[in-house]
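Engineer: following is a predicted model, sequence given first.
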Amino acid sequence: MSDTVLAQAKAAPTDPLGLYVHVPFCASTCDFCAFYQVKPTADGMAKFLNGIETEANLIKWSRPVSTVFWGGGTPGLLSPKALEHLGGMVRQRSGGQPREWTVELAPASVSEARLNALKDLGVTRISMGVQSFQPALLDALGRQHSLDQIYRAYDLVRAADFQSVNLDLMFALPGQSEAEWVADITEALRLAPDHLSTYCLTFEEDTALWVKLSQGRVKLDPEHEAKLYESTWSRLATAGYEQYEVANFARPGHQCRHNLNTWHMHEWVGLGPSAASQHDGWRGGNVADLARWHSLLSEGKRMTEDRLGLTPAQLAEDALIFGLRMNAGVAVAHWRQRAPSAPWAAVDARINDLLGDGLAVFSGENLILTSRGRLLADAVGLEMMEAFEEPVPV
């Protein structure tokens, strides 16, 4: 790929730059989880912290980091001292304080000492993986926290006075009734977080739930899922939570900036084993193996998996796929101008189909999905992907 094409795919100096850190440690594996994770050990954590510092020093940082997201795994398994060590690197790369700094926490890992360390670092946002308030469903998911731990953790997080708090919930769980899901939403609203993420359970390969599905022990029910989607959107809107992406709802001023920047195809640096990056004209991921990741870093290598030199057309494709999941939609004209070599005839044909089927409308310059279209967002994304794969006539 030519240097000119790579340069065209790079961000402008004024565009936001995100930083994602994948903390791979988990005490146990949830049945639905497909993220890379390992059991925490003293040696593993030491290698992880050293590796993060080594990897950060390999990167050509073109501008300060504006948003940060620590995910996992369970970042809350790190000790307060380790969190401070990791946070020092973030502050160095962000010019002192990122605009938004999110840390994922599991209820069982929340402690006053960890929260104090995060608060002192300048963390602004806590995202807590509740998943359900029904003990039987938590058990069915393989979650290791109890209902009491959820409430204790939430009280501690609120007492620490972070700028924004998110709760993750899941629906369409095996054996979950509509009444149980309504009860979960009702309880979440009683707690009044600033942000709610409501994820429809997906069956990822190489997970315990995938095995159960393949064995016929659990079944998919698309009609039931659609009903839960629609009732959720209605209840949360009535409660003052604006939907800004298919699965994400926020009170005014509490949208997740880091995720929005990612969905808009801005740049981010991913640190840690299995972390993905889109930076400096390239996209790729780190190897999903803590020891191998550490070994590669010692050789000066990172982002070795699925490494791809980006083109404007590839960015335009992903901008439409992810942009159409957002309620604000995507500015098609902007991407048409930025990526003139993309197969726009095929893309326009798909857009016209969406418009004709009542799945999308234009609002100003933005193409947005209707409520019915958002129910089919995954299928719409696949159609866009197919359109971008069609050859451009010469």
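Structural biologist: Right, received. Where do you want to start?
Engineer: tell me how far the closest residue to residue 196 other than its chain neighbours lies from residue 79.
Structural biologist: Counting by CB to CB, 6 or more residues apart in numbering, residue 196 lies nearest to residue 249, which is 4.7 Å off, once chain neighbours are set aside. (Glycine included, C-beta is placed from N, CA and C.) To residue 79, residue 249 is 33 Å away according to CB to CB, to the nearest Å.
Engineer: between these two, tell me which one has more neighbours.
Structural biologist: residue 249 (24 against 13; other CB atoms under 10 Å).
Engineer: partners of that one in the sheet?
Structural biologist: residue 196, residue 243 (DSSP bridges).
Engineer: that one touches residue 195, doesn't it?
Structural biologist: Yes - counting by CB atoms under 8 Å, residue 249 touches residue 195, with 7.0 Å between them.
Engineer: overlap of the contact sets of the two?
Structural biologist: By CB atoms under 8 Å, 6 or more residues apart in numbering, residue 249 and residue 195 have these common neighbours: residue 241.
Engineer: how about the helices in the stretch 251-394 of the chain?
Structural biologist: Secondary structure of the stretch 251-394 of the chain by DSSP state H, counting those that start in this stretch: the helices cover 257-263, 290-298, 312-323, 332-338, 344-356, 371-375, 377-388.
Engineer: the second one - what's its average pLDDT?
Structural biologist: Averaging pLDDT along helix 290-298 gives 94.
Engineer: residues in contact with it?
Structural biologist: 24, 38, 44, 47-48, 50-51, 54-55, 58, 272-273, 286-287, 302, 304.
Engineer: please repeat the previous calculation with a cut-off of 7 Å.
Structural biologist: Surrounding helix 290-298, the residues in contact under the criterion CB atoms under 7 Å, 6 or more residues apart in numbering are 24, 38, 44, 47-48, 51, 54-55, 273, 286-287, 302, 304.
Engineer: write a ChimeraX command that selects only the buried members of those residues.
Structural biologist: Here is the ChimeraX command that picks out the buried ones among the contacts of helix 290-298, judged by 16 or more other CB atoms under 10 Å:
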select :24,38,44,47,48,51,54,55,273,286,287,302
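Engineer: can you pick out the most distant pair from the contacts of helix 290-298?
Structural biologist: Longest distance between any two of those is 20.3 Å, between 44 and 304; criterion CB to CB.
Engineer: helices and strands of this protein: which one has the lowest mean pLDDT?
Structural biologist: One helix or strand of the chain scores below all others by mean pLDDT, DSSP states H and E: helix 208-214, with a mean of 37.
Engineer: avg pLDDT for the very next helix or strand once past that helix?
Structural biologist: Note on helix 208-214: by DSSP states H and E, the next helix or strand toward the C-terminus is helix 222-238. Averaging pLDDT along helix 222-238 yields 87.
Engineer: buried set for helix 222-238?
Structural biologist: Buried residues in helix 222-238, counted by 16+ other CB under 10 Å: 224, 228-229, 232-233, 236.
Engineer: which of those residues sits closest to residue 141?
Structural biologist: residue 228 (16.3 Å).
Engineer: find the nearest non-adjacent residue to the closest one, please.
Structural biologist: residue 171 (5.0 Å).
Engineer: okay, and the beta partners of the one you found?
Structural biologist: Here residue 171, judged by DSSP bridges, has bridge partners residue 200.
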